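Q: Just need the structure, nothing else, for what follows:
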Amino acid sequence: MEKTIFEKILDKEIPSYKIYENDYVYAFLDVFPITKGHTLVIPKKHFRNIFDCDSETAAHIGAALPKVANAVKDSFGADGVNIFQNNEEYAGQSVFHLHFHIVPRYKDKSSNFDNLEIKWPPQKLEPAQFEEIQEAIINKLK
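A: Residues are numbered from 1 along each chain as shown. Here you go, the predicted model:
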């Protein structure tokens, strides 16, 4: 199987702008940033996406995310941060190695090239619909 670009970065076959690293996680600047400071956090162990990530690795990613997010936010005085992650092509995943985007957000859009818009139309459901959805998900957790 061919290596993903992130595996090539981890193997130092492709250079990166490292932000943070420990035994489990590697964080680096996105080379196609959405905003100034856009950083990626990836596990060193290969997982296609969240669906096959083990709980130990997930815990290490979870511990690294606030640490890196705070550093990214504070470095440029960002007014907020979006953290997002896509799973499978239909959901926008283009590199099939689990990764999280930390995207600082700025009120002053001019100097930080912040033009990201995240919007979705809210849906109105009846209580019975919520209960049906709740039951389906809970049954999968058993």
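Q: so how far is Leu141 from the spatially most distant residue from the centre of the chain?
A: Most distant from the centre of the chain: Ala128, at 32.8 Å, with distances by Cα atoms, centre = their mean. According to Cβ to Cβ, to the nearest Å, Ala128 stands 21 Å off from Leu141. C-beta here means a position set from N, CA and C on the backbone, and glycine is covered the same way.
Q: distance of the residue positioned nearest the centre of the chain from Lys8?
A: Nearest to the geometric centre of the chain sits Phe100, at 1.6 Å (Cα atoms, centre = their mean). Applying Cβ to Cβ, the value for Phe100 to Lys8 is 19 Å.
Q: can you check Asn49 too?
A: Noted for Asn49: a distance of 18 Å to Lys8, by Cβ to Cβ.
Q: now the lengthiest helix in the chain, how far from the chain's geometric center?
A: Criterion DSSP state H: the longest helix present in the chain is helix 55-76. Relative to the chain's own centre, helix 55-76 is displaced by 10 Å; criterion: Cα atoms, centre = their mean, to the nearest Å.
Q: where does the next helix or strand along the chain from it sit relative to the chain's centre, distance-wise?
A: Using DSSP states H and E, the helix or strand that follows helix 55-76 in sequence is strand 80-84. Mean C-alpha position of strand 80-84 versus that of the full chain (Cα atoms, centre = their mean) differs by 9 Å.
Q: can you pull the contacts of the residue nearest to the centre of the chain?
A: Applying Cβ atoms under 8 Å, 6 or more residues apart in numbering to Phe100 gives the contacts 40-42, 61, 65, 83-85.
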